[in-house]
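Engineer: Model the structure of this input:
(2 chains)
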Amino acid sequence: MTETTDDESKKIPPQQAAGKTAAEGPKDGPDGSGTPRQPAGDAEPLLRVRGLVRHFPITKGLLKRQVGAVQAVDGIDFDVRPGETLGVVGESGCGKSTMGRLITRLDEPTGGAIEFEGTDITHLSTGKLRPMRRDIQMIFQDPYGSLNPRHTIGGIVSTPFRLQGVEPEGGVKKEVQRLLELVGLSPEHYNRYPHEFSGGQRQRIGIARALALKPKLVVADEPVSALDVSIQAQVVNLMDDLQDELGLTYVIIAHDLSVIRHVSDRIAVMYLGKIVELGDRQSLYGAPMHPYTKALMSAVPVPDPKRRTDRDRILLKGDVPSPINPPSGCRFRTRCWKATEECATTEPPLVALRTGHQVACHHPELKPGESAVPAGAKAAGKAATDG
Amino acid sequence: MTAPIETTGAAAEAQPEAVLQGVEKKRIEGRSLGQIAWLRFRRDKIAVAGAVVVVLLIAIAALSRPLQALLGLDPNSPNQALIDPNTTLPKGDFGGMSADHPLGVDPKFGRDLLARVLEGSWVSLIVAFGATLLSVAIGTVLGVVAGFYRGRVDAVISRLMDVFLAFPLLLFAIAISASLQGGAFGLSGLPLHLGVLIFVIGFFNWPYMGRIVRAQTLSLREREFVDAARGMGARGPFILFRELLPNLVGPIVVYSTLLIPSNILFEAALSFLGVGIQPPQASWGGMLNQAVKFYEVDPQYMIVPGLAIFVTVLAFNLLGDGLRDALDPRSR
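Structural biologist: Numbers count the residues shown, from 1 in each chain, chains lettered A, B, ... in the order given. Next up is the predicted model:
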């Protein structure tokens, strides 16, 4: 259907994206939500998410009356720029995976907007979504569940071609064998079945399948958490190499801080359905501003016993509140040692306090000389509540 | 002198290559789940014995008429010369066993029992296979649809299953069979009786199949490979037929093989009650029905069809159990 345009755009994503900035510049206007960008990241974002909401209704009784909702994702904003890796961290149940399923449109958002290359895909139907599927692919968490045990590896990796009606140069079989080689498997594995492979090998097969259609954006939902630690490194490095080679853009969801640190350019920290901090890797790991991020960082094991005693571990008390009935104001206030009256009444907006570093907190951790007033003048209006 | 040396040389050259080629081929070829199941099945001697008997039975049933002709026996020709007119029992020991009639003859008419058992075999198997096919077809389609689409569709189909399961099946079967004895749908006689039996048994047994398929589908559809297919742009039918159905083949095959013997028994029960196959057509259930009047004086007449049913049901059950163990080793 849209073959010509698709093919054109597939070849050289970065240039194409740069071209789009000029053409569709005005689109930037209405958003103006004060998302400051780095000078280098001025290009049109590949993926733009605004106010994304997903509530799972809880129904009761015969008439299926809605009595509440699990607020899995509750209003998050972020951009993904072409060629970067955005890492998403947070503890179990904070909505990371739901967010991943929403931006790949495996699930339908309750509210908000998702734009991919300027096209609104928030509520596209299955049929209209189909051509978009080529550009957004997903790598799954469970290498045992994500491959159909009844199909051969060749069958699995060639499914995207069949479904999208794409005939690669030199035939599907040759292309599949090339992909298998690309991810470090032998092309001879074509006729084998998933049960003959180890977890790491299966994950490579999943990666080969995700890359078959030369996507622009790959969403990886806990791509290595089901793997052995030694294999994790292999798979993470493979994903890194493939990014350089194919110019991919990643959104990697994980709960392992060291994995995220290794792969990400920018990192988003989620807590209870919200993004609480979003920043460049160095800035975020070097000087986290949100108390929750700080607590998370302090939980990373230190391999040196001498240094271990130096640092102060922050132990959060209590459990994550239920997403059915989240706390008022700042969602983290129930476990935060800095919480004040204001935190219970006003929800802190996500504002940029440093270049390329946004945080949603009334009492951010600041380096000497920094001010709690947003750096960008654009965001001044939103930060008026800040003390 | 030169010739032998040359040949050995050629052979020596050719052989390593051949060996290597063999190794190469073995390395590339993967074993599908089906092949693995077959290897497991082959190791299960009892199941293999069951399978052999089943194959034999099917062959016998298929060749029942030619076999009768070959043996020179006819299931329906009476032979009063073999019957004692005073007792109406067969002359001689063990129900009139003789070289001409290896399993004896039936009382009253003197018809050959071997021929009648042979004739009954195809009737039993055709009804059992037909009914099983019918319930598997309905059960699979409705089960998959209910499990895959869930929501209202599932609610409607599941309640339908409950309704069918709540039916007093035996009474219903008797009623239908009895009311259709005269002829219906342009059929009469044996074809009608076969059709009615297949319909009654198959149509009221599908919920068992449907429930199994639905449950399997419900668990399969949550697997990540379904999400993966959806993420590549697959529609419902593709997911159903390419992703889900291949994974359902195992349970469907296993349950079908276990359904066949129960359908054989059900057919026998209906014929025994006199609402299935009608005399003079021979059927195992019908033979048992008539044998009831004579079991004290001529047990042979009951033992022969009884044994036939017993062996058939046992063989199918052993085969089904073996298949289940082979296709799903965790179910043991």
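
Engineer: Quick check on whichever residue of the stretch 101-250 of chain A sits closest to chain B: phi, psi?
Structural biologist: Across the stretch 101-250 of chain A, the shortest distance to chain B (Cβ to the nearest Cβ) belongs to A:Arg192, at 3.3 Å. Yep, even glycine has a C-beta here, placed from its N, CA and C like the rest. When read as degrees, to the nearest 10, the backbone of A:Arg192 gives phi -90, psi 170.

Engineer: Do you know the pLDDT at it?
Structural biologist: pLDDT for A:Arg192: 86.

Engineer: tell me which parts of chain B are close to chain A?
Structural biologist: B:27-33, B:223-225, B:227-235, B:238, B:242-243, B:246-247 (Cβ under 8 Å from any Cβ of the partner chain).

Engineer: hang on, A:Leu278 in a strand?
Structural biologist: Yes - counting by DSSP: H, G, I helix; E, B strand; the rest coil, A:Leu278 is located in a strand.

Engineer: Pretty sure it sits against A:Asp265.
Structural biologist: No - with contact defined as Cβ atoms under 8 Å, A:Leu278 does not reach A:Asp265; the gap is 11.9 Å.

Engineer: could you pull out the helices for the stretch 151-300 of chain A?
Structural biologist: Listed in chain order, the helices of the stretch 151-300 of chain A (DSSP state H, counting those that start in this stretch) span A:153-164, A:172-182, A:199-211, A:229-246, A:257-263, A:281-286, A:291-298.

Engineer: Sorry, wrong one. I was asking about chain B.
Structural biologist: For chain B, helices defined by DSSP state H occupy the ranges B:2-28, B:33-43, B:45-62, B:64-71, B:113-149, B:151-166, B:169-179, B:189-220, B:224-231, B:236-238, B:245-272, B:284-291, B:300-327.

Engineer: how about those helices in JSON lines, adding distance to A:Glu181 and mean pLDDT?
Structural biologist: What follows is the helices of chain B, written out as JSON lines (distance: least, Cβ to Cβ, whole Å; pLDDT from 0 to 100):
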{"stretch": "helix B:2-28", "distance to A:Glu181": "15", "mean pLDDT": "44"}
{"stretch": "helix B:33-43", "distance to A:Glu181": "26", "mean pLDDT": "82"}
{"stretch": "helix B:45-62", "distance to A:Glu181": "42", "mean pLDDT": "90"}
{"stretch": "helix B:64-71", "distance to A:Glu181": "58", "mean pLDDT": "80"}
{"stretch": "helix B:113-149", "distance to A:Glu181": "36", "mean pLDDT": "90"}
{"stretch": "helix B:151-166", "distance to A:Glu181": "44", "mean pLDDT": "91"}
{"stretch": "helix B:169-179", "distance to A:Glu181": "59", "mean pLDDT": "79"}
{"stretch": "helix B:189-220", "distance to A:Glu181": "31", "mean pLDDT": "88"}
{"stretch": "helix B:224-231", "distance to A:Glu181": "21", "mean pLDDT": "90"}
{"stretch": "helix B:236-238", "distance to A:Glu181": "28", "mean pLDDT": "86"}
{"stretch": "helix B:245-272", "distance to A:Glu181": "27", "mean pLDDT": "87"}
{"stretch": "helix B:284-291", "distance to A:Glu181": "61", "mean pLDDT": "84"}
{"stretch": "helix B:300-327", "distance to A:Glu181": "34", "mean pLDDT": "88"}
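
Engineer: follow-up on the earlier one: tell me which of A:Leu278 and A:Asp265 has more neighbours.
Structural biologist: For the pair A:Leu278 and A:Asp265, the greater number of neighbours falls to A:Leu278 (26 against 16), based on other Cβ atoms under 10 Å in any protein chain shown.

Engineer: what's the longest strand in chain A?
Structural biologist: For chain A, the longest strand by residue count, based on DSSP state E, is strand A:65-80.

Engineer: Relative to that strand, what are the paired strands and their orientations?
Structural biologist: strand A:47-60 (antiparallel) (DSSP bridges).

Engineer: residues of the strand it pairs with that come out buried?
Structural biologist: Within strand A:47-60, the residues that qualify as buried by neighbour count (16 or more other Cβ atoms under 10 Å in any protein chain shown) are A:47-50, A:52-55.

Engineer: pLDDT for these - can I get that in TSV?
Structural biologist: Formatted as TSV, the entries for the buried residues of strand A:47-60 read as follows, by pLDDT from 0 to 100:
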residue	pLDDT
A:Leu47	92
A:Arg48	92
A:Val49	92
A:Arg50	92
A:Leu52	92
A:Val53	92
A:Arg54	92
A:His55	91
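
Engineer: residues near B:Trp284, how many?
Structural biologist: The number of residues packed near B:Trp284 is 28, by other Cβ under 10 Å.

Engineer: er, A:Cys94 actually
Structural biologist: Taking other Cβ under 10 Å as the criterion, the count of residues near A:Cys94 is 25.

Engineer: Need the buried ones from the residues of chain B next to chain A selected in PyMOL.
Structural biologist: Here is the PyMOL command that selects the buried residues among those (16+ other Cβ under 10 Å):
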select buried, chain B and resi 30+32+33+223+224+225+227+228+229+230+231+232+233+234+238+242+243+247
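
Engineer: got a list of what the residue lying closest to A:Met297 once chain neighbours are set aside touches?
Structural biologist: The spatially closest residue to A:Met297, leaving aside those adjacent along the chain, is A:Pro288, at 5.6 Å (Cβ to Cβ, 6 or more residues apart in numbering or on different chains). For A:Pro288, the contact set (Cβ atoms under 8 Å, 6 or more residues apart in numbering or on different chains) comprises A:277, A:294, A:296-297, A:365.

Engineer: Quick one: buried ones out of these?
Structural biologist: Here, 16+ other Cβ under 10 Å leaves A:277, A:294, A:296-297 buried among the contacts of A:Pro288.

Engineer: Just the closest of these to B:Glu119, please.
Structural biologist: Of all those, A:Leu296 has the smallest distance to B:Glu119: 79.5 Å, by Cβ to Cβ.

Engineer: quick one: that closest one and A:Val269 touch, right?
Structural biologist: Yes - look at A:Leu296 against A:Val269 with Cβ under 8 Å: they come within range, at 6.9 Å.

Engineer: Now flag whichever of the buried ones among the contacts of A:Pro288 is closest to chain B.
Structural biologist: Proximity of the buried ones among the contacts of A:Pro288 to chain B, judged by Cβ to the nearest Cβ, is greatest for A:Leu296, which lies at 27.1 Å.

Engineer: Name the nearest residue to that closest one, sequence neighbours excluded.
Structural biologist: Nearest non-adjacent residue to A:Leu296, counting by Cβ to Cβ, 6+ apart: A:Leu257, 6.5 Å away.

Engineer: ok, now which ones touch the one you found?
Structural biologist: A:Leu257 sits next to A:89, A:296-297, A:299-300 when contact means Cβ under 8 Å, 6+ apart.

Engineer: confidence score at the closest residue to B:Leu113 other than its chain neighbours?
Structural biologist: Taking Cβ to Cβ, 6+ apart as the measure, B:Leu113 lies nearest to B:Leu103, with 4.1 Å between them; neighbours along the chain are not counted. The per-residue pLDDT reported for B:Leu103 equals 75.

Engineer: and if you look at the one 5 residues further on?
Structural biologist: The model reports B:Lys108 with a pLDDT of 75.

Engineer: burial count for it?
Structural biologist: 17.

Engineer: For it, which non-adjacent residue is closest in space?
Structural biologist: B:Thr88 (4.8 Å).

Engineer: so that neighbour sits right up against B:Asp106, yeah?
Structural biologist: No - assessed by Cβ under 8 Å, B:Thr88 is found out of contact with B:Asp106, at 10.1 Å.
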